[in-house]
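In: Predicted model and sequence follow; I will ask about them next.
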Amino acid sequence: MNILGKEEIFEKEYMPFVIKWGKFSCIIAILVVYLPALALFLFFNARPDVGAIITGIIGMVSAYSAWYFVDPITLFPILGVPGMYMTYVSGNSKEIRGPAALQAMDAAEVKAGTPEGTIISAIGISISILISLTVMTIVAIVGNFMLQILPAPVITSLRYLLPSLFGALAMQRVVLNPKVASIGIPLAFITFFLKKMGMFKFLPLGGGYAPLMICVFVCMFLSKAMFLREHPEYRKK
């Protein structure tokens, strides 16, 4: 089959098939994501107040909103359309899927952005997803068994795992930008204690989201001000 024939198959058969089932898979994935929360709500009576939900939304949006624009622009040339669909269902775009696609294209000696590169990238990503799923399943089964035989002090210490993780992430940001951190960290403590004292209760929905909003916007404008001070050439004339 000549090159033109391959291109016609790619454009008229392969890509429409990928887009059709890719959209369907993403819609199903979005619905499935909410199943655990729905189960907790219906069967375990876990019903957070609206203020807590808003606080969580603000935290997620402030942390990840930029990636909604950056990831598609930077990853699309590597992952291609099929890879983008699979990656945004499975996750780990930059850590696993991108390197897997690059390694697959390098091994097959094809270029990103070409029909051949798109197909090889999809194969590499699908294999990485299969391996990740297999490893995670084994770890989940073995981990559950290990939790049953671990001593009680070890189980108790696992409660500090999440705070330790967030502490490590916080220190990483402190090291990267100590100037902003020197104001952001004290501000976080101040707003936390103000919340404990009930200073934000006059706000709608109880004001539980106020400390996070204050810290996010203050640090955001502070970072911009410091950047413009060090790089005056970026100021609007």
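Out: Done, it's in. Numbers count the residues shown, from 1 in each chain.

In: domains for the protein, by residue range?
Out: 3-149, 155-234 (automatic domain parsing).

In: how much distance is there from the last one to the middle of the chain?
Out: When you say that, I think you mean domain 155-234. Computed by C-alpha atoms, centre = their mean, to the nearest Å, the separation of domain 155-234 from the middle of its chain amounts to 19 Å.

In: Report the separation between the two terminal residues of it.
Out: Terminal residues of domain 155-234 are spaced 52 Å apart (C-alpha to C-alpha, to the nearest Å).

In: How about the helix ranked longest in the chain, which residues are buried there?
Out: Criterion DSSP state H: the longest helix present in the chain is helix 115-149. Using 16 or more other C-beta atoms under 10 Å as the test for burial, helix 115-149 gives 115-126, 128-129, 132. For every residue, glycine as well, the C-beta is placed using N, CA and C.

In: Ok, stretch 11-25 next?
Out: For stretch 11-25, by 16+ other C-beta under 10 Å, it's Tyr14, Met15, Val18, Gly22.

In: Now do the residue most central in space within the chain against Asp71, distance only.
Out: Centroid-nearest residue in the chain: Tyr64, 6.5 Å away (criterion: C-alpha atoms, centre = their mean). Distance from Tyr64 to Asp71, counting by C-beta to C-beta, to the nearest Å: 10 Å.

In: With Met136 instead?
Out: 22 Å.

In: just Glu109 next, same as before
Out: 27 Å.

In: Around Gly83, how many other residues sit close by?
Out: By the other C-beta atoms under 10 Å criterion, the neighbourhood of Gly83 contains 29 residues.

In: can you pull the pLDDT of it?
Out: pLDDT for Gly83: 92.

In: same question, the one 4 residues further on
Out: Note for Thr87: predicted pLDDT of 90.

In: same thing with Lys237?
Out: So Lys237 comes in at 53 (pLDDT).

In: what does Phe76 give?
Out: For Phe76, the predicted pLDDT is 86.

In: And for the one 4 residues further on?
Out: On the pLDDT scale, Gly80 is placed at 89.

In: Repeat that for Ser62.
Out: 69.

In: Name the residues that touch stretch 197-206?
Out: With contacts defined as C-beta atoms under 8 Å, 6 or more residues apart in numbering, stretch 197-206 is touched by Asp49, Val50, Gly51, Ile54, Leu194, Gly207, Gly208, Ala210, Pro211.

In: Between the two ends of stretch 94-113, how far is it?
Out: 18 Å.

In: In the protein, where is pLDDT below threshold?
Out: Low-confidence segments of the chain, defined by pLDDT under 70: 1-4, 62-63, 66, 205, 236-237.

In: Try it again at 50.
Out: 1-2 (pLDDT under 50).

In: With that, I have no additional questions.
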